[in-house]
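A.B. asks: sequence and predicted structure are below.
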Amino acid sequence: MAQPSGRVVIHVDFDYFFAQIEEREQPEYKGKSVVVCVYSGRTEDSGAVSTANYVARRFGVRSGMPIVWAKRILKEEDAVFLPVNLVKYREISDEIMDLLRTYGDSFEQVSIDEAFLEVTKRVGGDYGAAEKLAGEIKDAILRRTGLTCSVGVGPNKLIAKIAANQVKPDGLTVVPSETVNEFLRLLPVGRLYGVGRKTEKIMVEKGLKTIGDLADHPVDDLVHTFGKTLGLYFHEAANGIDESEVQERGPPKSLSRIATLKKDTREPEALLPVLIELCEALIRRIEVEGLAYRTVSLVTISEDMAMRSKSLTLEDATTDKDVLLRTVKSLLGDYLRESTLNLRRIGVRVSSLSPLAGQRRLSSYMG
DNA sequence: CACGTGCGGGC
DNA sequence: CCCTGTCGCACGTG
């Protein structure tokens, strides 16, 4: 009873994207563990793993893992550790996204390495034609960039995304509407978009281990446990229902920059230079986006890893750098009066963003 | 509405 | 074992 609408949606997920790019550029990395890292700069190897190739993953290296753990795991191996080069990855991502966009009735970039394509019209609702098209997309990306990706085809975004994750790297998984329920039923609830570690734990404690369990569970109880929005969403998702459209994303709703401090401190003299840099970076971004901000937030992560935020909404939207810095300083004062802990990381966020009038820029979001 | 927190996705 | 960076959404509270 999944989709009366007869849609066909494709999800494209670039395989171990950052590490694959590095591999492609250095053929001598082939067969070795390649680990792309975000170095925080507080000690030699402080920081976290961003992406690892499949060789490293076989040893247990994972995204988000501390770099020192990964080094320990791979110390007997001839492994390569590299810093992230986001400018390079973004350039390659943009190139692939521009290519992908031409294959859909509509297109939605989800992140630097993921996108949805609505192809219903393009394939006339036919899953055989969709599978062929998905293959052509994979070929085109490979020819153009030398990179592989994993692709999922399904009757909606939810199913297409789960399908793309089913076989990777270099996978192609097609789930026609008639097979949605059998496809979902045996999968663990954690495979559902929106179910992470915390939510999965709650579900498993309720005896909901598979998506089938969730689909059969009374929706009232899900609403009671997870709230109206999420409860209804989980119920529908578990039954393979998702009517959300594939559509170009608009301008960002918030922008933030966060940094790790060289050492834990609560001294304004030590924090200020960092805040200035973060504000400057944000203002540059606001300018290229053609946006103005009205809400300013200071984000703090203290030595105990607790995250907090302080924010203030201005009377009028602005692009002014000094206003931003003054506001951030004032919020820092508020925070320091309330807490005695040293800070480990600090960040600045702007939100309530509005487009500046008379901007050509708007056109770049209209698809 | 403004403010603050929690969570997820997944590099 | 130690801990990156960025964004969106939901929701509780005042």
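C.D. replies: Nice, thanks for sending it over. Numbers count the residues shown, from 1 in each chain, chains lettered A, B, ... in the order given.
A.B. asks: for residue A:188, which non-adjacent residue is closest in space?
C.D. replies: residue A:210 (6.1 Å; C-beta to C-beta, 6 or more residues apart in numbering). C-beta: built from backbone N, CA, C; applies to glycine.
A.B. asks: thought the one you found was touching residue A:191?
C.D. replies: No: with contacts defined as C-beta atoms under 8 Å, residue A:210 does not count as touching residue A:191, sitting 9.3 Å away.
A.B. asks: ok, residue A:335 - how many residues close by?
C.D. replies: 21 (other C-beta atoms under 10 Å).
A.B. asks: report the secondary structure state of it.
C.D. replies: helix (DSSP: H, G, I helix; E, B strand; the rest coil).
A.B. asks: that one contacts residue A:311, correct?
C.D. replies: No: counting by C-beta under 8 Å, residue A:335 does not reach residue A:311; the two are 11.0 Å apart.
A.B. asks: find residues that contact each of these two.
C.D. replies: Taking C-beta atoms under 8 Å, 6 or more residues apart in numbering as the contact rule, residue A:335 and residue A:311 both touch residue A:298.
A.B. asks: residue of the stretch 51-200 of chain A closest to DNA strand B, please.
C.D. replies: Going by C-beta to the nearest atom of the strand, DNA strand B is nearest to residue A:196 of the stretch 51-200 of chain A, at 2.4 Å.
A.B. asks: give me every residue that touches that residue.
C.D. replies: Residue A:196 touches residue A:190, counting by C-beta under 8 Å, 6+ apart.
A.B. asks: residue A:20: what's it in contact with?
C.D. replies: Residues in contact with residue A:20 (C-beta under 8 Å, 6+ apart) are A:14, A:53, A:147, A:148.
A.B. asks: how about the residues of the stretch 201-350 of chain A by DNA strand C?
C.D. replies: A:226-230, A:252-260, A:305, A:345, A:347 (C-beta under 7 Å from any atom of the strand).
A.B. asks: low-confidence ranges in the stretch 1-150 of chain A?
C.D. replies: A:1-5 (pLDDT under 70).
A.B. asks: where do the strands of it begin and end?
C.D. replies: Along the stretch 1-150 of chain A, the stretches classed as strands by DSSP state E, counting those that start in this stretch are A:9-14, A:34-39, A:47-52, A:80-83, A:106-111, A:114-118, A:149-154.
A.B. asks: quick one on the thing from earlier: out of the contacts of residue A:20, which touch DNA strand B?
C.D. replies: Within the contacts of residue A:20, nothing lies near DNA strand B by C-beta under 7 Å from any atom of the strand.
A.B. asks: quick check: bridge partners of the residue nearest to the spatial centre of chain A?
C.D. replies: In chain A, the residue lying closest to the centroid (C-alpha atoms, centre = their mean) is residue A:111, at 5.4 Å. When assigned by DSSP bridges, residue A:111 has beta-bridge partners residue A:114.
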